[in-house]
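> Provide a 3D model corresponding to the input given below.
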Amino acid sequence: MITDREKILAIVDNDCLRHSDAAILLEGDGFFRFQKAIDLYKTGQVDRIIFSGNIIDKDYGSFPYDEVAPLILKQGVPEKDLIHEAKSRHTREQALEVINMAMENGWTKLALVASHEHQYRAYLTFLRVVLDTGSGIILYNSPVRNLNWFVDSGWGMRFERLAAEIERIEKYSELGHLATADEVIEYQKWKESLLDL
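This next block holds a predicted model:
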């Protein structure tokens, strides 16, 4: 029998991405995530890139905005379309700050960009905030693909980090910080009812 976790993993990994107001580029994982956000921008799938986070811990893959931003700008993203959300220091704060920013700016669709092993927890965290705020924001998954599972990037192998992500999911679910399986499924049904398929 398929578990709730397996159902959610399938939904998160195979979302129906549509044009969005912004790509939410979650800080972390060194320089492995930013290219995905650039690609979304350059193909017209997003109107802007929000770099979310203000943690500097290079031993854990958290590089500062000041080092990532020039790499994004160098590839043709104008400064006006690159925004730094600089208050957050972990995923839940990222979700709270970004969803608040979206509501203040009237953005209704967001594409969440994280490394594939982090996308699951990130999505559950952001969806919890979307649902709690009643914002009606449509949240799409756009995980970074083609990342090695068994190469040590300097802050561990992704395969090992996946186990840590599952442990965090258990912990933060108990604290009520993540959307539940039923909420993910109902949200996905609602979201797909709005698509022009």
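> look up phi and psi at the residue nearest the centre of the chain.
Centroid check for the chain by Cα atoms, centre = their mean gives L112 as the closest residue, at 3.4 Å. Torsion angles at L112 (phi, psi; degrees, to the nearest 10) stand at phi -90, psi 120.
> who touches it in this structure?
I24, L26, Q119, A122, Y123, F126, L139, Y140, N141, S142 (Cβ atoms under 8 Å, 6 or more residues apart in numbering). For every residue, glycine as well, the C-beta is placed using N, CA and C.
> so the second one makes contact with H90?
Read that as L26. No: in this structure, L26 is not within contact of H90 by Cβ atoms under 8 Å, at 10.4 Å.
> if you count surrounding residues, which of those two has more?
Legend: neighbour count by other Cβ atoms under 10 Å for L26 and H90, higher for L26 (27 against 12).
> who's the more buried one bridged to?
Beta-bridge partners recorded for L26 (DSSP bridges): S52.
> contact partners of the worst-scoring helix or strand of the chain on mean pLDDT?
Ranked by mean pLDDT, DSSP states H and E, the helix or strand of the chain with the weakest confidence is helix 4-13, at a mean of 89. The contact list for helix 4-13 (Cβ under 8 Å, 6+ apart) reads H116, Q119, Y120, Y123, L124, N141, P143, A181, V184, I185, Q188.
> in it, what's buried?
I8, I11, V12 (16 or more other Cβ atoms under 10 Å).
> any chance of TSV for these, columns distance to R158?
Listed next are the buried residues of helix 4-13 as TSV, based on distance: Cβ to Cβ, whole Å:
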residue	distance to R158
I8	19
I11	20
V12	16
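> ok, the residues you listed vs I169, which is closest?
For those, the residue nearest I169 by Cβ to Cβ is I8; the value is 9.6 Å.
> on the pLDDT front, check L197 for me.
Predicted confidence (pLDDT) for L197: 44.
> which residues are in contact with V144?
So V144 contacts D29, F32, R33, Q35, K36, V113, A114, S115, H116 (Cβ under 8 Å, 6+ apart).
> what about 10 Å?
Counting by Cβ atoms under 10 Å, 6 or more residues apart in numbering, V144 makes contact with 25-26, 29, 32-37, 39, 113-119.
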